[in-house]
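Colleague: Compute the structure for the input listed below.
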Amino acid sequence: MPEIEFSVSLTTRKPRGGEIEGKDYHFVSEDEFIRRRDGEELAEWSHHFGASYGTPKAPLDRAISAGRDILLDIEIRGAHQIRTSYPDDSVAVFVLPPSPEELLERLRKRGAEDEAEIQRRLNRAREETAALPQYDYLIVNDDVATSVERFGSIVNAERARVARLPRGFAPWKS
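Modeller: You can find the predicted model right below:
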């Protein structure tokens, strides 16, 4: 869906192999992150797995003002902050692997963490599933192509909602 802009988050963690500055994340120092957070430049932020993550406000506000869709890839605390700050402009989609075993296999294949970190991430994922009722949609990511298709269906359904029509919309103006 090329018409959807991807929000690039800030993080204080080091880049993983193959990650590109400005495409995958904006990699910043902890001091820079705190400056932006305290300067209210972030729409949401959280600290987990030893690093800080946040979404810059400006690109979100620009996309909303222009009527464009913007996709955020964030965890549950950040999603809650977005839902609170942008209640009429946000749709929450929870993406879940088909099973804890599959998540474990995916984390190990990624090769970015040691076994203790993988177990922490698995435990965190189990805890995060409790937030599912706060979301609008669920995608079980068992197959990437099918998951992308499901996501596209959600986007198209949300775009067709009468509540999202521009103020004063009149399909048959006289």
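
Colleague: Could you say which helix or strand holds residue 166?
Modeller: Per DSSP states H and E, residue 166 falls between elements, in no helix or strand.

Colleague: what sits against it?
Modeller: residue 67 (Cβ atoms under 8 Å, 6 or more residues apart in numbering). In short, each C-beta sits where N, CA and C put it, glycine included.

Colleague: Apart from its neighbours in sequence, what residue is nearest residue 72?
Modeller: Of all residues not flanking residue 72 in the chain, residue 7 sits nearest, at 4.6 Å (Cβ to Cβ, 6 or more residues apart in numbering).

Colleague: Please apply the same query to residue 21.
Modeller: residue 27 (5.8 Å).

Colleague: Could you do residue 138 as well?
Modeller: Nearest to residue 138 is residue 94, by Cβ to Cβ, 6+ apart, at 5.1 Å.

Colleague: Could you tell me which residues within the helix or strand the one you found falls within count as buried?
Modeller: According to DSSP H and E, residue 94 maps onto strand 93-96. Neighbour counts over strand 93-96 (16 or more other Cβ atoms under 10 Å) mark 93-94, 96 as buried.

Colleague: Also stretch 79-96?
Modeller: For stretch 79-96, the neighbour count (16+ other Cβ under 10 Å) marks 79-83, 90-94, 96 as buried.

Colleague: One more: stretch 101-111?
Modeller: 103-104, 107.

Colleague: just how off-centre is that stretch within its chain?
Modeller: Chain-centre distance of stretch 101-111: 20 Å, with Cα atoms, centre = their mean, to the nearest Å.

Colleague: That'll do, ta.
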